[in-house]
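**Student:** here is a sequence together with a model predicted from it:
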Amino acid sequence: MSLNISLKRGLKLNLKGSPDKVYAPLQVSDEYVVKPTDFHLLTPKLVVKENDKVKAGDTLFYDKYNDKIKFSAPVSGSVKEIVRGQKRRILKVVIKADIDIKYKSFEVGNSDQLSRDQIIETMLEAGVWPFVRQRPYDIIANPKDMPKAIFISAFNSTPLSIDNDFALYGMEELFQKGINYIRKLTNGKTHLNIDGSINASTVFTSAKGVQINKFSGPHPSGNVGVQIHHIDPINKNDVVWYLDPQDVIIIARLFDQGTYDVSRIVALAGPQVKKPRYYRCISGANVSNLVLDNVKDGDNRFISGDIFSGDKIDENGSLGFYHTSVLVIEEGNKQEFLGWMLPGFNKFSTSRTFFSWLSPNKKYTLDANMHGEERAYVMTGEYEKVLPMDIYPSHLIKSIMVEDIELMEQLGIYEVAPEDFALCEFVCTSKINVQQIIRDGLDLLIKENS
Amino acid sequence: MNFFKNILNKVKPHFESGGKLENFYPAYDAFETFLFVPDHTTHSGSHIRDSIDLKRTMGTVVLALIPTILFGMWNLGYQYHAALMQDSTFMQNLIFGFWKFLPLLVVSYGVGLTVEFAFAIYRGHSVNEGYLVSGMLIPLIMPVDVPLWMLAVSVVFAVVIGKEVFGGTGMNILNPALTARAFLFFAYPSHMSGDKVWVHGATTDGYSGATILGDLAANTTKWENLVWTSKDAFLGFIPGSIGETSMIAILLGAAILIATGIGSWRIILSTFVGGYFMAYIFNLLGFNALMETPAHIHLIIGGFAFGAVFMASDPVTATQTNIGKYIYGFLIGVFAILIRIFNPAYPEGMMLAVLLMNVFAPLIDHYVIQNNIKRRLKRITV
């Protein structure tokens, strides 16, 4: 059975600087970084010391509270530096890469013969387990759980994000291999959700052993949280796991070749990029080679991840563990004289208070300016327009603000993750940091339920 | 532009922490952000943000009020000259009205913003833009001859008791502008009703300055026999509170509010539907002049339309759920007509209906949300 779901609510935002579908050559980075901060709530326990030699796939650190969950070096080389922050919190493990990557070898498997436990064991050992994430809470999956379903969103609806149909072109076989392992992790269904508004790539449409569902509509139709909500909503005590298509490929490589090979396709995009294109890159790579000579002058903001919920990084920062894009936009830290009174032909707004509504197909160059100060809630009904879920967003947010756990549960907090509320944050007149509030609410529940 | 920037840069050090006037920083901030959209950038979450902010929102509402303001000023002059049976030109009417309206506006903004600034400074938060709209609405729903000191007292009451005690803009339960009017209405009824207050100069001669509703409530004449026609009422050539008379100016404002997405079409529409529904039922019963007045006439006379468009749709005091908005609006319409017809003291119900439903708005939302919660619970048991 396959579902065909069409979503009305959401936001279509045309931004300048979408990546052209060409691969550009990239000088390999010689520095890679693994950041424990990429994994929410993780308390890392280090295994390596500075100057240790590591191979790609060697454990760098593990989760203090679940020592089976390991995090591996993406490349071979030596540990150059362990950067710590306040209270000696580990911020990053920096690896100076060898010219030729040496891989630690793991046992090659066969999806028919390996049991669920064996698959999980190998994934944990190699360090690919963190690619499996769970809802509720939007954290790394707990290998001891049995998820009621597994979800893979085959497409991104976020502006400037990568096109998975392009990135996984020709990888039918490898993707299917990955699916064969992943579907064994649940006793329920594995859902592969494709973009219903286009003819999706055969990589996805020919996948076997999964339920293929079609989603169409504006962003956030590609968000896995929205898809779960419409197919198999999460109730209290339910657990659902989810993965990104490129992570399926990484898992397939592990079992196929026995290597921890986290190379992936990454887009460099955004209005401040001269030639936005695709690159082959390894997770954790320093982005300085990527952005070299390809960024317009100005006060720029570099983002690892998507425009709505990615991380702000430095010009020589690194690609996040889960991220598949590096974006460059202008900071926009300038004052604007009487800006709130101007007609605003160039100002994007979902309301029609600026005259930009006269040109709906226009492509915009948005910067990181807040366009106003934080205020108490005044407007209502804004969030509902961009959240295609049967949830009352502002009431959920207010229940989190007052830390009413029972009400949060009743209003459906288990079904949401910060990224699902990113558009609410984007459209908010009162400039409330909605995603952070959702994160705080989830963290509070993790604490309560543990 | 640089001129303003230089002034701001010059005085800014005094207001920053360590400066002589650091406690007054919210006041400085209000002026700075009024002149310049701040250079703040995103720190967490979404890196890009919609261009709208509360200033733009409130500015749009003020823009939507401009047709009623202009018409209201003209009508002040027109009614005055008509009462004296003098001929007057368009500009004479407008200028007369302008000089009558300006003092009300100055007092409303002057007093209200002073209280707002004082609270912002006392509490150390930024000055909210909410009063930009309230301050404009208050004079528009007043009779022209309201004494300025009464206006000032009612504004203080509305801002302090109506809003600040609940925590300021966004937290209030009652619509501040209507709170001001209700305060005056109950404290000084002789200045807020009757037939002497709606037209300037009506007190000095034998002219009857009664509103349509006043005449109808007296139950001596029927709507058909009044001096005013439905065209007068629709265009607004009738006595009444300054902003409420012209349906056409109000509809222009409604168009702006709905088109920009600032005002909820759900509330505005369902208020009219509710009002029509109730008035139609009374038409069928028809015991007195007010009841017999055709349902569509009820919607264009008195403060009904102005209340539906500018008061009921205030997002802070209205219901917040989409379903709740239909119920809320509908009930405002129903109660406005009900009060209008059955309240012997005062032949208008919009103010009281909106205030009443303001109080019930959270309850309506509560039931709508309980429904959502039940749906979620049901899912578990199935």
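**Tutor:** Nice, thanks for sending it over. Numbering: from 1, shown residues only, chains lettered A, B, ... in the order given.
**Student:** tell me the SS of whichever residue of the stretch 351-450 of chain A sits closest to chain B?
**Tutor:** Residue of the stretch 351-450 of chain A nearest chain B, by C-beta to the nearest C-beta: A:Gly372 (2.5 Å). C-beta coordinates here come from the backbone N, C-alpha and C atoms, glycine included. Here A:Gly372 is recorded as coil under DSSP: H, G, I helix; E, B strand; the rest coil.
**Student:** which residues touch the closest residue to it other than its chain neighbours?
**Tutor:** Sequence neighbours aside, B:Asp53 is the residue nearest to A:Gly372 in space, at 2.5 Å (criterion: C-beta to C-beta, 6 or more residues apart in numbering or on different chains). With contact taken as C-beta atoms under 8 Å, 6 or more residues apart in numbering or on different chains, B:Asp53 is in contact with A:Trp340, A:His371, A:Gly372, A:Glu373, A:Arg375, A:Thr429, A:Lys431, B:Val37.
**Student:** and which of these is nearest B:Asp29?
**Tutor:** Closest to B:Asp29 out of the contacts of B:Asp53 is A:Glu373 (8.2 Å), distances taken as C-beta to C-beta.
**Student:** contact partners for the closest one?
**Tutor:** A:Lys431, B:Thr33, B:Pro38, B:His40, B:Asp53, B:Ser126.
**Student:** apart from its chain neighbours, what residue comes closest to the fourth one?
**Tutor:** Looking back up the chat, that one is B:His40. Using C-beta to C-beta, 6+ apart, the closest residue to B:His40 is A:Met370 (4.4 Å).
**Student:** show me what contacts that neighbour?
**Tutor:** A:Lys431, B:Pro38, B:His40, B:Thr41, B:Thr42, B:Arg49.
**Student:** my guess is the fifth one contacts B:Ile48. True?
**Tutor:** What it means is B:Thr42. Yes. At 7.3 Å, B:Thr42 and B:Ile48 qualify as touching, with contact defined as C-beta atoms under 8 Å.
**Student:** and these two? which has more neighbours close in?
**Tutor:** B:Ile48 (27 against 22; other C-beta atoms under 10 Å in any protein chain shown).
**Student:** helix, strand or coil: sort out the more buried one for me.
**Tutor:** State at B:Ile48, reduced to three classes by three-state DSSP: coil.
**Student:** ok, now B:Leu137?
**Tutor:** helix.
**Student:** report the contact partners of it.
**Tutor:** Residues in contact with B:Leu137 (C-beta under 8 Å, 6+ apart) are B:Leu65, B:Ala177, B:Gly243, B:Phe310, B:Met311.
**Student:** can you check B:Val155 too?
**Tutor:** By C-beta under 8 Å, 6+ apart, the contact set of B:Val155 is B:Val107, B:Ser108, B:Val111, B:Gly112, B:Val115, B:Gly135, B:Ile138, B:Ala180.
**Student:** go through the helix or strand where it lies and flag the buried ones.
**Tutor:** Using DSSP states H and E, B:Val155 sits in helix B:148-157. Buried residues in helix B:148-157, defined by neighbour count with 16 or more other C-beta atoms under 10 Å in any protein chain shown: B:Met150, B:Leu151, B:Ala152, B:Val153, B:Ser154, B:Val155, B:Val156, B:Phe157.
**Student:** ditto for stretch A:125-140
**Tutor:** Residues A:125-140 are the ones in stretch A:125-140 that count as buried (16+ other C-beta under 10 Å).
**Student:** dump the residue contacts of residue 64.
**Tutor:** Unless you meant another one, I'm taking chain A. Going by C-beta under 8 Å, 6+ apart, the list of residues near A:Lys64 reads A:Thr43, A:Pro44, A:Lys45.
**Student:** other chain: chain B
**Tutor:** B:Ala64 is in contact with B:Leu252, B:Gly253, B:Ala254, B:Ile256, B:Leu257, B:Ile262, B:Gly263, B:Phe310, counting by C-beta under 8 Å, 6+ apart.
**Student:** ok, whichever residue of the stretch 51-200 of chain A sits closest to chain B - contacts?
**Tutor:** Of all residues in the stretch 51-200 of chain A, the one sitting closest to chain B is A:Pro159 (9.0 Å; C-beta to the nearest C-beta). By C-beta under 8 Å, 6+ apart, the contact set of A:Pro159 is A:Leu13, A:Asn14, A:Leu15, A:Ser18, A:His219, A:Ile307.
**Student:** same check on A:Asp52?
**Tutor:** A:Ser78, A:Val79.
**Student:** phi first, then psi, for the residue nearest to A:Gly372.
**Tutor:** When read as degrees, to the nearest 10, the backbone of B:Asp53 gives phi -140, psi -180.
**Student:** quick check: residues of the stretch 1-150 of chain B near chain A?
**Tutor:** Within the stretch 1-150 of chain B, the positions near chain A by C-beta under 8 Å from any C-beta of the partner chain are B:1, B:4-5, B:33, B:35-57, B:59-60, B:126, B:128-130.
**Student:** just the ones of those in strands?
**Tutor:** Taking DSSP state E as the definition of strands, the residues of the stretch 1-150 of chain B next to chain A contribute B:Phe36, B:Val37.
**Student:** neighbours around the nearest residue to A:Gly10 once chain neighbours are set aside, how many?
**Tutor:** Once flanking residues are discounted, A:Gly10 sits nearest to A:Pro218: 3.6 Å by C-beta to C-beta, 6+ apart. Applying other C-beta under 10 Å, we find 18 residues neighbouring A:Pro218.
**Student:** wait, is A:Ala267 part of a strand?
**Tutor:** Yes. Under three-state DSSP, A:Ala267 falls within a strand.
**Student:** neighbours of it, how many?
**Tutor:** Neighbours of A:Ala267 under the rule other C-beta under 10 Å: 27.
**Student:** for beta bridges, what are the partners of it?
**Tutor:** Beta-bridge pairing for A:Ala267 (DSSP bridges): A:Tyr278, A:Ser325.
**Student:** thought it was touching A:Asn164?
**Tutor:** No. Using C-beta under 8 Å, A:Ala267 is not in contact with A:Asn164, being 10.8 Å away.
**Student:** please identify the buried residues of the host helix or strand of A:Arg280?
**Tutor:** A:Arg280 is part of strand A:277-282, with elements assigned from DSSP H and E. Residues of strand A:277-282 classed as buried by neighbour count (16+ other C-beta under 10 Å): A:Arg277, A:Tyr278, A:Tyr279, A:Cys281, A:Ile282.
**Student:** how about the strands in the stretch 101-250 of chain A?
**Tutor:** Here the stretch 101-250 of chain A has its strands, by DSSP state E, counting those that start in this stretch, at A:133-135, A:139-140, A:149-153, A:189-195, A:211-216, A:240-243.
**Student:** can you put those in CSV and add mean pLDDT and distance to chain B?
**Tutor:** CSV is the format used below for the strands of the stretch 101-250 of chain A (pLDDT from 0 to 100; distance: least, C-beta to the nearest C-beta, whole Å):
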stretch, mean pLDDT, distance to chain B
strand A:133-135, 94, 15
strand A:139-140, 95, 18
strand A:149-153, 96, 15
strand A:189-195, 95, 17
strand A:211-216, 95, 19
strand A:240-243, 96, 14
